[in-house]
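A predicted structure for the sequence below; I have some questions about it.
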Amino acid sequence: MKALKSSVLLVLAVLVLGPVNASAVSVDFRDTPWHASNGQSHYSHVFSGGALDGISLAIDAIGAGAVIWEDSIDGFGVLNPRNVTDEYDEIEYGDLLYLTFSTPVFIDTISLADLFVEPGGGAETGFFSLNDGTSWSSFSGTQGLFSGLNGEMTYNVGGIFSDSIWFRGQGLGGPDDSYAVQSLALTAGPGPDPIPEPSTIVLLGSALFGFALRRRQADKV
């Protein structure tokens, strides 16, 4: 009886959760493969090996004259003709940085840098959007400007399935809202499949019927 019950529960778990073959991976934009993107308006990288094998990631700096800025401390920013004399290595002044995966992945967390709390108490703020660039979420700095730290923070996205991420600055209000994108934590694997196939429904029904029949026979004993 216990063995049958365990089998039914296992079947249910597989049907509800799907195959457990997804893998977590970190993509650090401060690493060597991304250095070649510096000064480019568009850059594409194809992952080799590991969970992202064969998946490509394209990075675009959006705007007239805008190019990607990348370094080994902060990661990705945007160099724009409007901000060459200020925080030229960061995303600010309405800059747009667009990341596109050739295959959708689960976005778990986003790690950022140069997000500070100013001496007057105001926190630098940036925005990101998944998939379509129409619905935006914000993040704000938590480390003091003179804390000796790098203004780093990690935003928990929550494993949303997406093929793209938009990043933008606060707007045209000034240089006090700027940041860089250091890394992403992703989970690569099959996407959600909300509609079961007919064979799946039959398997589920058979398992539940067998469990109910076995339970009924046990009650008669």
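Looks like it came in fine. Since we're looking at a predicted model, the values are computed, not measured. Numbering: from 1, shown residues only.

show me what counts as buried in stretch 64-83.
66-70, 74-80, 82-83 (16 or more other Cβ atoms under 10 Å). All C-beta atoms are positioned from the backbone trio N, CA, C, and that covers glycine.

how about residues contacting it?
Stretch 64-83 is contacted from outside by 28-31, 34-35, 37-41, 43, 59, 61, 63, 87-93, 95-97, 113-114, 150, 175, 178, 180-183, using Cβ atoms under 8 Å, 6 or more residues apart in numbering.

out of those residues, which are buried?
Buried among the contacts of stretch 64-83 by 16+ other Cβ under 10 Å: 29-30, 34, 37-38, 41, 43, 59, 61, 63, 87, 89-93, 95-97, 113-114, 150, 178, 180-183.

and the next element down the chain from the helix or strand of the chain with the lowest mean pLDDT?
Least confident helix or strand of the chain, by mean pLDDT, DSSP states H and E, is helix 2-17 with a mean of 44. Going down the chain from helix 2-17, the next helix or strand is strand 23-28, by DSSP states H and E.

okay, now the sheet partners of the helix or strand just after that next one, with direction.
Using DSSP H and E, the helix or strand that follows strand 23-28 towards the C-terminus is strand 42-46. Looking at strand 42-46 with DSSP bridges, its partner strands are strand 56-62 (antiparallel).

got the buried residues for stretch 104-111?
Buried residues in stretch 104-111, counting neighbours by 16+ other Cβ under 10 Å, are found at 104-108, 110-111.

cool, stretch 131-141 as well?
139-141.

what's that stretch in contact with?
Taking Cβ under 8 Å, 6+ apart as the rule, stretch 131-141 contacts 98, 110, 112, 115-117, 123-129, 151, 153, 155, 162-164, 166, 168, 179.

that older thread, mind putting the buried residues of stretch 104-111 into CSV with distance to I55?
Conversion of the buried residues of stretch 104-111 to CSV gives the following (distance: Cβ to Cβ, whole Å):
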residue, distance to I55
P104, 10
V105, 7
F106, 13
I107, 13
D108, 16
I110, 18
S111, 20
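
taking those together, which two end up most distant?
By the measure Cβ to Cβ, P104 and S111 form the most distant pair in those, at 20.3 Å.

elements contacting the top strand by length along the chain?
When the chain is parsed with DSSP state E, its longest strand is strand 96-113. On a contact count with 3 or more Cβ pairs under 8 Å, 6 or more residues apart in numbering; DSSP states H and E, strand 96-113 meets strand 56-62, strand 75-79, strand 125-130, strand 153-168, strand 180-188.

okay if I get these as TSV plus mean pLDDT and distance to S23?
As requested, the helices and strands packed on strand 96-113 are arranged in TSV below (pLDDT from 0 to 100; distance: least, Cβ to Cβ, whole Å):
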stretch	mean pLDDT	distance to S23
strand 56-62	97	16
strand 75-79	93	22
strand 125-130	92	20
strand 153-168	95	13
strand 180-188	95	6
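
just put the ones you listed in a markdown table and tack on distance to G50.
Shown next, in a markdown table, are these (distance: least, Cβ to Cβ, whole Å):
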| stretch | distance to G50 |
| --- | --- |
| strand 56-62 | 13 |
| strand 75-79 | 20 |
| strand 125-130 | 23 |
| strand 153-168 | 19 |
| strand 180-188 | 8 |
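
wait, which of those is closest to A22?
strand 180-188 (5.0 Å).

ok, and what's touching that closest one?
Contact partners of strand 180-188, identified using Cβ under 8 Å, 6+ apart, comprise 22-30, 51-52, 55, 74-77, 89-91, 97, 103, 105-114, 152, 159, 165, 167.
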